[in-house]
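S.K.: predicted model, plus sequence, below.
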Amino acid sequence: MSNPDVVVHADPELLAAACAARLITAVLDAQAEQGTASVVLTGGGTGIAVLEQVRHSPARDAIDWSRVDLYWGDERFLPADDDERNEKQARRALLDHIPVDPARVHAMAASDGEFGADPEAAAADYARVLAEAAGTGQDVPAFDVLLLGLGGEGHTASIFPDSPAVHESERSVVAVRDSPKPPPTRISLTLPAIRRAREVWLVTTGEAKAEAVALALAGADEVRLPVAGARGRRTRWLLDRTAAPRR
Ligand SMILES: O=C(O)[C@H](O)[C@@H](O)[C@H](O)[C@H](O)COP(=O)(O)O
């Protein structure tokens with residue numbers, strides 16, 4: 001794993017637009033190389049803003065969306081039609097506007113879905129989905145791009161400091177209860193699953209995230225700062241000026 005790249009943009013809008021352009025290019029490059037592309041989406045305001053910028057980009061139509069596999073890094077365990085669902089927000093921002101193959105959109109279960117109000121069963125099923133996609137000998141695909149946001153206290157996906165999820169070393173997907181960030185019940189990839197990605201992109205803006213960014217880049221312990229453990233074969237920090245470490 002190489003040292004992380006850090007790219008700083010002037011403001012949140014420019015960050016979202018530049019990240020969207022980078023994502024479109026990464027998907028095109030992956031498809032040129034291997035015929036398909038796999039992208040893990042994130043919830044949160046910045047992650048959704050990136051998807052909206054993809055929607056507005058004319059270059060989006062250069063992608064054969066029927067050959068893109070879409071996953072989520074985490075999900076709020078709510079009814080499917082709840083506006084707080086990451087999936088619903090992603091569909092509104094982008095997926096409903098592009099010709100994706102529904103069979104290649106791998107949403108995490110909702111609390112009114114086939115597993116009912118059992119997040120552990122929903123998490124186990126998502127782990128099965130990942131294992132099926134990974135092929136032989138692996139339990140998680142080598143995602144081409146895995147998008148993540150982060151919280152000011154250092155969470156990423158739904159992995160919170162000193163939580164059971166941050167200590168998970170075996171499973172690829174876990175249920176999260178009592179999340180400090182509402183809603184309380186979630187499903188999340190674990191750090192070992194995140195680290196299977198070819199590229200992990202931490203995308204964030206705002207003064208409130210600056211300390212967590214600086215601590216992570218300085219090599220903080222992942223138990224206290226889970227985002228510090230969010231690494232891929234290549235890791236990119238895509239920031240606006242207020243979230244970036246002071247030079
Ligand atoms: O489901 C979620 O809430 C997200 O996955 C979460 O990890 C989010 O990305 C960060 O909390 C940043 O959110 P903002 O971009 O809104 O600050």
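M.R.: Cool, got the structure. Keep in mind it's a predicted model, so treat the numbers as computed, not measured. Residues are numbered from 1 along each chain as shown.
S.K.: how about the residues of the protein by the ligand?
M.R.: The chain has residues 42-47, 74, 76, 86, 149-151, 155-157, 181 near the ligand, with proximity defined as Cβ under 6 Å from any ligand atom. All C-beta atoms are positioned from the backbone trio N, CA, C, and that covers glycine.
S.K.: which of these fall in helices?
M.R.: Using DSSP state H to define helices, the subset of the residues of the chain next to the ligand located there is 45-47, 86.
S.K.: turn the residues you listed into CSV, columns for neighbour count and pLDDT.
M.R.: Below are these laid out as CSV (neighbours: other Cβ atoms under 10 Å; pLDDT from 0 to 100):
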residue, neighbour count, pLDDT
45, 14, 98
46, 26, 98
47, 24, 98
86, 24, 98
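S.K.: can you tell me the average pLDDT over the longest helix seen in the chain?
M.R.: In the chain, with assignment by DSSP H, the single longest helix is helix 12-34. Confidence for helix 12-34, expressed as mean pLDDT, is 98.
S.K.: restrict that helix to CA atoms and write it as CSV.
M.R.: Listed in CSV are the C-alpha atoms of helix 12-34, where the atom choice follows Å, rounded to 0.1, in the frame of the first residue of the first chain:
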residue,chain,number,x,y,z
PRO,A,12,-17.1,22.0,-1.4
GLU,A,13,-18.8,22.5,-4.7
LEU,A,14,-15.5,22.3,-6.6
LEU,A,15,-14.4,19.3,-4.5
ALA,A,16,-17.7,17.4,-5.4
ALA,A,17,-17.3,18.3,-9.1
ALA,A,18,-13.7,17.3,-9.3
CYS,A,19,-14.3,14.1,-7.4
ALA,A,20,-17.2,13.3,-9.8
ALA,A,21,-14.9,13.9,-12.8
ARG,A,22,-12.2,11.7,-11.2
LEU,A,23,-14.8,9.0,-10.6
ILE,A,24,-16.1,9.0,-14.2
THR,A,25,-12.5,8.7,-15.4
ALA,A,26,-11.7,5.9,-13.0
VAL,A,27,-14.8,3.9,-14.1
LEU,A,28,-13.9,4.4,-17.8
ASP,A,29,-10.3,3.3,-17.1
ALA,A,30,-11.5,0.2,-15.2
GLN,A,31,-13.9,-0.7,-18.0
ALA,A,32,-11.2,-0.3,-20.6
GLU,A,33,-8.9,-2.5,-18.6
GLN,A,34,-11.3,-5.2,-17.4
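S.K.: just how off-centre is that helix within its chain?
M.R.: Its chain's C-alpha centre lies 14 Å from the corresponding centre of helix 12-34 when counted by Cα atoms, centre = their mean, to the nearest Å.
S.K.: that one - contacts with which helices or strands?
M.R.: Judged by 3 or more Cβ pairs under 8 Å, 6 or more residues apart in numbering; DSSP states H and E, helix 12-34 is in contact with strand 5-9, strand 37-41, helix 45-56, strand 145-148, strand 199-204, strand 234-240.
S.K.: if we use 10 Å, what do you get?
M.R.: In terms of contacts (3 or more Cβ pairs under 10 Å, 6 or more residues apart in numbering; DSSP states H and E), helix 12-34 is packed against strand 5-9, strand 37-41, helix 45-56, strand 68-72, strand 145-148, strand 199-204, strand 234-240.
S.K.: same list (those) but as JSON lines, adding distance to residue 163.
M.R.: Compiled in JSON lines, the helices and strands packed on helix 12-34 are given as follows (distance: least, Cβ to Cβ, whole Å):
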{"stretch": "strand 5-9", "distance to residue 163": "26"}
{"stretch": "strand 37-41", "distance to residue 163": "20"}
{"stretch": "helix 45-56", "distance to residue 163": "20"}
{"stretch": "strand 68-72", "distance to residue 163": "19"}
{"stretch": "strand 145-148", "distance to residue 163": "16"}
{"stretch": "strand 199-204", "distance to residue 163": "19"}
{"stretch": "strand 234-240", "distance to residue 163": "22"}
